[in-house]
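J.: Sequence first, predicted model second:
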Amino acid sequence: MSEISYRALFDLTDKVAVVTGGAGILGQHFCAGLAESGAKVAVVDIMEEPARELAKELTERYAVSCLGIGCDVSQPISVASLVRQVVDEWGKIDILHNNAATKSDNLDEFFAPFEDYKLEEWRKIMSVNLDGMFLVAQAVGKQMVTQGTGGSIVQTSSIYGILAPDSRVYEGSYYLGRQINTPAVYSASKAGVIGLTTYLSAYWASQGIRVNSLVLGGVDSGQNTEFKERYSARVPLGRMAQATEVVSALLYLVSDASKYVTGQTLIVDGGLSAW
């Protein structure tokens with residue numbers, strides 16, 4: 001038997017990671033997990049100040065270099081600036097967690113019934129959830145190709161990119177003080193992420209760049225009791241995920257522990273998709 005440290009396969013020391021949506025509810029946990037594993041982390045978010053604050057906090061907590069960057073992933077110029085700032089700071093990019101997504105400033109339009117959904121709202125969501133994925137993957141992937149040392153790209157999708165939402169879960173369900181649902185634009189955008197991942201995994205395989213999707217089920221993040229109970233009843237493990245429970249899946253996909261894994265959809269949903 002060859003001598004190998006399996007624990008060392010998860011070590012990200014001296015790796016440079018970019019996380020879009022890095023200051024978000026889940027993004028903060030993803031950034032912390034990468035930093036604790038030794039990576040230098042670019043916390044990227046449309047909200048620049050929270051990104052900078054989180055980067056400073058992670059630098060102090062884990063004694064690694066972190067950088068907060070403001071970026072609108074739907075804008076090519078902003079994305080190009082993001083890549084340039086990271087390369088200027090650290091000289092390379094090894095890991096991309098393509099994680100940014102949006103709902104909408106106008107929740108009435110975002111949660112509108114499908115029959116009444118506005119094309120402008122559809123395009124607004126797609127510009128971040130899918131166009132943004134394309135733009136960031138394109139720019140970072142091009143940098144990885146130029147470096148010639150491979151890399152790992154993980155793109156966040158959703159259980160509703162592979163399953164239809166059960167509308168019964170949303171009866172009497174509230175989040176941030178209002179009635180909610182899962183609109184078609186969200187499902188379509190997240191399904192598109194999986195398609196983009198599959199394509200890029202084959203396209204960049206010869207360059208040593210691995211591309212995988214991380215599909216998340218419902219994460220407990222402030223939903224009301226009615227929603228949590230209805231959703232949990234649909235899950236074999238009987239509950240929603242905690243934010244900390246999805247981080248380890250990301251660490252696996254970006255580390256050498258998964259260096260023969262590409263083009264895959266890793267589902268972290270408590271078994272929801274098994275029923």
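T.: Great, that's in hand.

J.: Tell me how far the residue sitting nearest the centre point of the chain lies from Phe114.
T.: The residue lying closest to the centre of the chain (CA atoms, centre = their mean) is Asn99, at 2.5 Å. Counting by CB to CB, to the nearest Å, the separation of Asn99 from Phe114 is 26 Å. Any C-beta I mention is one placed from the backbone N, CA and C, and that applies to glycine too.

J.: circling back to that earlier point, might one say that the residue nearest to the centre of the chain is in contact with Gln28?
T.: No. With contact defined as CB atoms under 8 Å, Asn99 does not count as touching Gln28 (10.9 Å).

J.: shared neighbours, these two?
T.: Residues touching both Asn99 and Gln28 (CB atoms under 8 Å, 6 or more residues apart in numbering) are Gly22.

J.: The residue lying closest to Gly271 once chain neighbours are set aside - how many residues pack around it?
T.: Leaving aside its sequence neighbours, Gly271 sits nearest to Pro236 (CB to CB, 6 or more residues apart in numbering; 3.3 Å). Neighbour count of Pro236, defined by other CB atoms under 10 Å: 11.

J.: Please name the residues that touch Pro236.
T.: Taking CB under 8 Å, 6+ apart as the criterion, Pro236 is in contact with Gly270, Gly271, Leu272, Ala274, Trp275.

J.: make it 7 Å
T.: By CB atoms under 7 Å, 6 or more residues apart in numbering, the contact set of Pro236 is Gly270, Gly271, Ala274, Trp275.

J.: Would you mind giving me the PyMOL syntax to select the buried ones in these?
T.: Applying 16 or more other CB atoms under 10 Å to the contacts of Pro236, the buried members can be selected in PyMOL as follows:
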select buried, resi 270
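
J.: From the contacts of Pro236, which one has the minimum pLDDT?
T.: On pLDDT alone, Trp275 ranks lowest of the contacts of Pro236, at 87.

J.: Just send the contacts of Pro236 back as a markdown table, with secondary structure too.
T.: A markdown table is the format used below for the contacts of Pro236 (DSSP: H, G, I helix; E, B strand; the rest coil):
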| residue | secondary structure |
| --- | --- |
| Gly270 | coil |
| Gly271 | coil |
| Ala274 | helix |
| Trp275 | coil |
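
J.: and which of the contacts of Pro236 is nearest Gly263?
T.: Among the contacts of Pro236, Ala274 lies closest to Gly263 (CB to CB), at 21.5 Å.

J.: Test my guess that the residue nearest to the centre of the chain contacts Phe30.
T.: Yes. The pair Asn99 / Phe30 is scored as a contact, 6.5 Å apart, by CB atoms under 7 Å.

J.: shared neighbours of those two, anything?
T.: Val19.

J.: Could you tell me which residues make contact with Leu272?
T.: Contacts of Leu272 (CB under 7 Å, 6+ apart): Ile159, Gly217, Arg234, Val235.

J.: Just read off the phi/psi values of it.
T.: phi -50, psi -40 (degrees, to the nearest 10).

J.: again with Val19
T.: phi -120, psi 110.

J.: And what about the closest residue to it other than its chain neighbours, helix, strand or coil?
T.: The shortest distance from Val19 to any non-neighbouring residue, by CB to CB, 6+ apart, is to His97 (4.4 Å). Here His97 is recorded as strand under three-state DSSP.

J.: Could you pull out the buried residues of stretch 249-262?
T.: Of all the residues in stretch 249-262, those buried under the rule 16+ other CB under 10 Å are Ala249, Leu250, Leu251, Tyr252, Leu253, Val254, Ser255, Ala257, Ser258, Thr262.

J.: Sorry, slip of the keys, the one I care about is stretch 159-170.
T.: Ile159, Tyr160, Gly161, Ile162, Leu163, Pro165, Val169, Tyr170.

J.: And stretch 216-233, by the same measure?
T.: Residues of stretch 216-233 classed as buried: Leu216, Gly217, Gly218, Val219, Gln223, Phe227, Lys228, Arg230, Tyr231, Ser232 (neighbour count, 16+ other CB under 10 Å).

J.: Now the fourth one: closest residue in space that isn't a chain neighbour?
T.: What that stands for is Val219. Nearest to Val219 is Ala241, by CB to CB, 6+ apart, at 4.8 Å.
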